[in-house]
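Undergrad: have a look at this prediction, sequence included:
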Amino acid sequence: MSKAPQFGQDMYRFLNERLHLPWAYSVALVRAAKTVARPVEHARRRSQAARLLREPSDFKNKISASKGIWVFDPDELPGAKAAASACAKLFDERFSQESSTPPDGTNRKKHLRALIPADELAQNDALLQFALSRPLLEAATSYFGSAPVLSAISLFLTTKNSSQISSQLFHLDGEDVTQLKLFVNVWDTGEQQGPFTTLTAARTSELLGQLDRKKRLNRGDMSFDDDFVLSDTSDAQIVRFTGKAGSGGFVDTSRCLHYGSRGNVKERLVLMIKYTPFNSARESATSFRSSDWVPAGKYDDLQRLALRV
Ligand SMILES: O=C(O)CCC(=O)C(=O)O
């Protein structure tokens, strides 16, 4: 399997770590370089979005620009319940035996374990079809104003814990200024399972406005203290992705301050599917290593753009 290109990561590191340009400028320059390098792809993706906006669709504009979040019940997002069942089955088949306890994860986090590599997970037809389903691609395309790339599929087990580190702290995902993550609860999820927890993009922006200019420009690498985030934030402004299996949310994790897997008394199993603009600055750490796994098949334009085939 070939290694995915890391042009964005390399250029970002050069600008940020070698030239010491702030995060915000480094990300903007990498995005611009990627756009200039692929003008035809840029135009194709924008024209798909423009066409979608002209057509009737129940899912375009589901994720409002001001909130950056769409929270859904199991019956609201077609395919969500079936995807949750497929993940529960996969988990049971692989890990229900005593001898096959879940591994530490393909990522580094102990509290949030990516159980199966992204490209292996995508070979599960039910999950791939869900990730490429019209409701999800339409919601993401209208949000970005450009047809997105499907950049990761992960099945996360979040374990019982009492830690408060890394993604358990309020943070923004710093790969870019925008990206969408879909979280589908595989098991019924309540407060005790350390649910995904987020503020809206509008509230996040108000909070970031209180930072000094240097911190604002460098926010891509920052976590934020609860004291700073919560002192003037009411509980009504906090959104938690709780609910029955198949419930969840679609959220811009680069614009919405969020955390998860905090204070789990019980385990949580969650499907995460990530969509990014084609010119997203830094390639995702959990992305597909190649597209060799993409099965031959009939895809429509949006799906081909999502798969980059
Ligand atoms: O659900 C969680 O534990 C947090 C996940 C998270 O922070 C992320 O995917 O960016």
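TA: That came through, no problem. Numbering: from 1, shown residues only.
Undergrad: and for residue 305, the neighbour number?
TA: 22 (other CB atoms under 10 Å). No exception for glycine: its C-beta is placed from N, CA and C like everyone else's.
Undergrad: same question for residue 223.
TA: Using other CB under 10 Å, the number of residues around residue 223 comes to 16.
Undergrad: so it versus residue 208, what's the distance?
TA: Residue 223 is 13 Å from residue 208, where distance means CB to CB, to the nearest Å.
Undergrad: next, give phi and psi for the residue in the stretch 201-309 of the chain positioned nearest to the ligand.
TA: Residue nearest to the ligand within the stretch 201-309 of the chain: residue 260 (2.2 Å; CB to the nearest ligand atom). For residue 260, the backbone dihedrals are phi -170, psi 180 (criterion: degrees, to the nearest 10).
Undergrad: quick check: it touching residue 112?
TA: Yes - counting by CB atoms under 8 Å, residue 112 is a contact partner of residue 260 at 7.1 Å.
Undergrad: and for these two, which residues touch both?
TA: Shared contacts of residue 260 and residue 112, defined by CB atoms under 8 Å, 6 or more residues apart in numbering, comprise 158, 167.
Undergrad: please name the nearest non-neighbouring residue to residue 221.
TA: residue 174 (5.5 Å; CB to CB, 6 or more residues apart in numbering).
Undergrad: go on, residue 226?
TA: residue 170 (6.8 Å).
Undergrad: neighbouring contacts of the helix or strand hosting residue 44?
TA: Following DSSP states H and E, one finds residue 44 within helix 39-54. Here helix 39-54 makes contact (CB under 8 Å, 6+ apart) with 35, 60, 138, 141-142, 144-148, 277-279, 301-302, 305.
Undergrad: next helix or strand past it?
TA: strand 69-72.
Undergrad: show me which residues of the stretch 201-309 of the chain are close to the ligand?
TA: Applying CB under 6 Å from any ligand atom, one finds that the stretch 201-309 of the chain approaches the ligand through 253, 258, 260-261.
Undergrad: out of these, which are inside helices?
TA: Among those, no residue falls in helices (DSSP state H).
Undergrad: possible to save the residues you listed as TSV with pLDDT, neighbour count and distance to residue 128?
TA: Formatted as TSV, these follow (pLDDT from 0 to 100; neighbours: other CB atoms under 10 Å; distance: CB to CB, whole Å):
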residue	pLDDT	neighbour count	distance to residue 128
253	97	25	22
258	98	26	26
260	97	23	24
261	96	29	26
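Undergrad: out of the residues you listed, who's nearest residue 247?
TA: When those are compared for distance to residue 247 (CB to CB), residue 260 wins out at 14.5 Å.
Undergrad: check contacts around the closest one.
TA: 112, 158, 167-168, 194-197.
Undergrad: now, those residues that are in strands?
TA: Of the contacts of residue 260, the ones assigned to strands by DSSP state E are 112, 158, 197.
Undergrad: can you narrow the residues you listed to ones near the ligand?
TA: 112, 158.
Undergrad: ChimeraX command for the buried members of the ones in strands among the contacts of residue 260?
TA: Buried subset of the ones in strands among the contacts of residue 260, written as a ChimeraX selection, criterion 16 or more other CB atoms under 10 Å:
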select :112,158,197
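Undergrad: okay if I get the ones in strands among the contacts of residue 260 as TSV plus pLDDT?
TA: Shown next, in TSV, are these (pLDDT from 0 to 100):
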residue	pLDDT
112	89
158	93
197	98
